[in-house]
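Q: Sequence plus predicted model, see below.
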Amino acid sequence: MKFYEVVLLRSSAPHLTYSFSSALAVGPIVNVPLKSTMKEAIILGTVSKPNFNTEEILSLSEFYYNKEQIEIAKFISEYYFSSFSEAISLFLPYRRSGSPDPDNNLQKERSVMPIENVGVGIPRPTLSPSQQQAYESILTKDKSLLFGVTGSGKTEIFISLFAKMLEEGLTSIFLMPEISLTPQMEKRLKVYFGDTVAMWHSKLTKKKKESILEAIEEGSIRIVAGARSALFVPLNNLGLIVVDEEHDDSYKAMTRPRYHARDVAVLMGAKLGAKVLLASATPSMSSYHKYDVVKLDKPYVETKKKYEFITGNNINHSILNTLNSHYKEGNQSLLFLPTRGNFKYLYCESCGKTHLCPYCSVGMALHRRFKHLKCHYCNFTEAIVDTCTQCGHQPLKSDRMGTVEAMEVIEEAIEGIQVEQFDKDSITTAKKLKEALGRFESGESQLLLGTQMLSKGHDYANITLSVIMGLDYILGLADYRARERAMSLLFQIAGRSGRAKEAEVIVQTGDPEFFQTYLSDYEVFIKDELAFLEMADYPPFVSLARILIAHKDESKAGKITLDTVTKLKAFKDIEIVGSGKAPVERVANKFRFNILLRSKNRVPLLKALHSVDCREIEIDMDPVEFS
Ligand SMILES: [Zn+2]
Ligand SMILES: [Zn+2]
């Protein structure tokens, strides 16, 4: 009998010991008995005969994780503070070739599928001189950051790189921040790559996923494009990972493992010897600071933009008039605001009380269409109220206009205009997304109105007006990246307009000077902001970690926080920036506390955090969210 350390998949259970009659390598997925059930587990290594009774491994499955997947998962679990099981479960395993033979040394793995030169003769986009220069420069570097304004033709460069990989018999991964981007991109990629490209995201059916995996295994699919999860498909001979819109926060997972897909892509590239290309019109401070920058200067289609700064925080006459004139001229517009529903808050004019969610310390948002108030944190809903629960005053006032209210106001003021609502409430499925974009593309609707979703890479030739509201709310967030987030949003939304025609951009803000300073060049903003971050001791110049504590019992949460702070104080190389109640003090009836830590180097920070790691706290390395 031989003895093995195994880890159950998709579980936070500790590592277990099982026995098996023959030799097994590291990596195969096996079935093991646990109490009265059978569980999937992965073999992590051999151990000596333990002094307790062990059960026997029941059978070997036809799947296994390879050495690199296991190493990267180990890194993720240690760096992002998750169990190894949670980390390895991000990956999709490889399938063994041949019949499952337990004595077969799996470490030899399947023989890598020979990839013939399918790429020869595939059509390629024609590159402009500046695109060609960028393309060649990228080829000389292991990892680089492609920095080019929206519309400068980054996608043609990606396509040329994928074609080059195909010719060399290598595969590619193409990451996009949101699946909302995939329909348009899929169309473009299919033109060049046909069935060698597959889109991969969480909304695919199980059947579709299986057929893609089979084609990857056969070697007929060599380019996988999609959201975060596309990083973990089992490709052979990986040559390139492209991370488009690399600045986007949706690359950071908000549940365990709280990994950042961009950073894991860089690690993976180094480990597998694959090239990594990050790209953005508004690069993150950290990528600009860390990686070789390849600049794409000239916009592909050069157009002029006229900026106008206005005050206020609602749809006003000036916005309505401009929207109306663009509509009358047969053009299309874009309107961004950061809030969903009708209004974010209801408050009492008499006593000042905001109508809060009973389970969270956040205001209930008004959704008139659904005839309810909804908490955007815990999804609790209740009937619409109009009387103050504290003093009985009525009616309640509403504040911070949302997408639905803006739509209603616009539709009432501009006769005939068709508005496309583009947010999480309306775009709930891939089908609805396709339909909404289709209607806008065909001109059936003339105004695309939505939240952050709008800022992510959609291209439309006819947009002649962008209206950007609510930037002051983003600037006011308690987040060291608030300025970057607001500025990047402004550039991204403004960049959606004027692809083919001259365009107007209306920005509603109380701080026009801040935005005006940088309008002509995002790089000037990056340089100023990096100087500020260096002075204020924020990333990328230091490492940051946030500890979250949530408990039904407020005093218990407070005590865990204090105890953790006490333990951390013993570590001299780290600084406790702050600790106490989180900005949103309560969510889903749990009281929330947080601790913010920083250190010049990540090693002492990780060491300190591993010493306090326990089930009662959640550790977020390199956090992007501070609420
Ligand atoms: Zn009141
Ligand atoms: Zn709530």
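A: Noted; the coordinates are in hand. These numbers come from a predicted model, not from an experiment. Numbering: from 1, shown residues only. Ligands and ions are numbered 1, 2, ... in the order given.

Q: ok, what's across the strand from residue 94?
A: The partner list for residue 94 in beta bridges (DSSP bridges) reads residue 64.

Q: just for the stretch 201-350 of the chain, where's the confidence low?
A: Within the stretch 201-350 of the chain, the ranges that satisfy pLDDT under 70 run 298-303.

Q: Would you mind listing what in it touches ligand 1?
A: Those residues of the stretch 201-350 of the chain that sit near ligand 1, judged by CB under 5 Å from the ion, are 348, 350. To be clear about C-beta, it is placed using only N, CA and C from the backbone, and glycine gets the same treatment.

Q: quick one, helices of the stretch 201-350 of the chain?
A: 206-218, 261-272, 285-290, 317-328 (DSSP state H, counting those that start in this stretch).

Q: Give me the packing partners of the shortest one, helices and strands only.
A: If you count contacts as 3 or more CB pairs under 8 Å, 6 or more residues apart in numbering; DSSP states H and E, helix 285-290 packs onto strand 143-148, helix 522-535.

Q: among those, which is nearest ligand 2?
A: Across the helices and strands packed on helix 285-290, ligand 2 has its closest neighbour in helix 522-535 (33.2 Å, CB to the ion).

Q: send the alpha carbons of the closest one over as CSV?
A: Output in CSV follows, covering the C-alpha atoms of helix 522-535 (Å, rounded to 0.1, in the frame of the first residue of the first chain):
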residue,chain,number,x,y,z
TYR,A,522,-3.8,60.7,-20.2
GLU,A,523,-0.1,60.1,-19.8
VAL,A,524,0.3,63.5,-18.2
PHE,A,525,-2.3,62.4,-15.7
ILE,A,526,-0.5,59.1,-15.1
LYS,A,527,2.8,60.9,-14.4
ASP,A,528,1.2,63.4,-11.9
GLU,A,529,-0.8,60.7,-10.2
LEU,A,530,2.3,58.4,-9.8
ALA,A,531,4.2,61.3,-8.2
PHE,A,532,1.3,61.7,-5.8
LEU,A,533,1.0,58.0,-5.0
GLU,A,534,4.7,57.8,-4.4
MET,A,535,4.6,60.7,-2.0
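
Q: ok, and what's touching it?
A: Around helix 522-535, the neighbours that count as contacts under CB atoms under 8 Å, 6 or more residues apart in numbering are 147, 149, 281-283, 285, 288-289, 480, 483-484, 487, 491, 517-518, 539-541.

Q: That one: what's the following helix or strand?
A: Toward the C-terminus, helix 522-535 is succeeded by strand 543-551 as the next helix or strand (DSSP states H and E).

Q: Mean confidence (pLDDT) on that following strand, please.
A: Averaged over strand 543-551, pLDDT sits at 96.

Q: May I have the strands that pair with it, each with its orientation?
A: Take DSSP bridges as the rule and strand 543-551 pairs in its sheet with strand 590-599 (antiparallel), strand 618-621 (antiparallel).

Q: quick one, which of those strands is nearest to residue 134?
A: strand 618-621 (32.0 Å; CB to CB).

Q: Looking at that closest one now, give me its mean pLDDT.
A: For strand 618-621, the mean pLDDT works out to 96.

Q: and it, how far out from the chain's middle?
A: Here strand 618-621 is found 16 Å from its chain centre; the criterion is CA atoms, centre = their mean, to the nearest Å.

Q: buried stuff in that strand?
A: 618-621 (16 or more other CB atoms under 10 Å).

Q: now do stretch 589-606
A: Those buried within stretch 589-606 under the rule 16+ other CB under 10 Å are 590-599, 602, 605-606.

Q: what's the closest of those residues to ligand 2?
A: Here the nearest of the buried residues of stretch 589-606 to ligand 2, counting by CB to the ion, is residue 590; it sits at 10.5 Å.

Q: Any idea what that closest one is bridged to?
A: Beta-bridge partners recorded for residue 590 (DSSP bridges): residue 587.

Q: residue contacts, it?
A: So residue 590 contacts 550-552, 557 (CB under 8 Å, 6+ apart).

Q: With distance to ligand 2 and neighbour count as extra columns, can I get those residues in TSV?
A: Below are the contacts of residue 590 laid out as TSV (distance: CB to the ion, whole Å; neighbours: other CB atoms under 10 Å):
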residue	distance to ligand 2	neighbour count
550	13	19
551	16	17
552	14	11
557	17	22
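
Q: could these go into JSON lines alongside distance to residue 221?
A: JSON lines is the format used below for the contacts of residue 590 (distance: CB to CB, whole Å):
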{"residue": "550", "distance to residue 221": "41"}
{"residue": "551", "distance to residue 221": "46"}
{"residue": "552", "distance to residue 221": "47"}
{"residue": "557", "distance to residue 221": "48"}
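
Q: Tell me how many other residues surround residue 395.
A: Other residues within reach of residue 395, judged by other CB atoms under 10 Å, total 12.

Q: For it, grab phi and psi.
A: Main-chain torsions, residue 395, degrees, to the nearest 10: phi -80, psi 170.

Q: With respect to ligand 1, which of the helices and strands packed on helix 285-290 lies nearest?
A: Among the helices and strands packed on helix 285-290, helix 522-535 comes nearest to ligand 1, with 40.9 Å by CB to the ion.

Q: buried residues in that closest one?
A: Neighbour-count burial for helix 522-535 [16+ other CB under 10 Å]: 522, 525-526, 529-530, 533.

Q: same thing with stretch 555-575?
A: Using 16+ other CB under 10 Å as the test for burial, stretch 555-575 gives 557-558, 560-561, 564-565, 568, 571, 574-575.

Q: quick revisit: to residue 44, which of the helices and strands packed on helix 285-290 lies closest?
A: Closest approach to residue 44 among the helices and strands packed on helix 285-290 is made by strand 143-148 (29.8 Å; CB to CB).

Q: How about residues contacting the closest one?
A: Residues from elsewhere that reach strand 143-148 (CB under 8 Å, 6+ apart): 134, 137-138, 154, 157, 246, 266, 269-270, 275-281, 283, 287-288, 291-297, 523.

Q: residues contacting the nearest residue to residue 455 once chain neighbours are set aside?
A: Leaving out its chain neighbours, the residue that sits closest to residue 455 by CB to CB, 6 or more residues apart in numbering is residue 492, at 4.0 Å. Residue 492 is in contact with 150, 281-282, 455-456, counting by CB under 8 Å, 6+ apart.

Q: Quickly find the element holding the closest residue to residue 418 other than its chain neighbours.
A: Using CB to CB, 6+ apart and skipping the chain neighbours, the partner closest in space to residue 418 is residue 445 (4.0 Å). When elements are assigned from DSSP H and E, residue 445 belongs to no helix and no strand.

Q: got the phi/psi numbers for residue 445?
A: According to degrees, to the nearest 10, residue 445 has phi -110, psi 150.

Q: Quick check, it in contact with residue 439.
A: Yes: using CB atoms under 8 Å, residue 445 makes contact with residue 439 at a distance of 4.7 Å.
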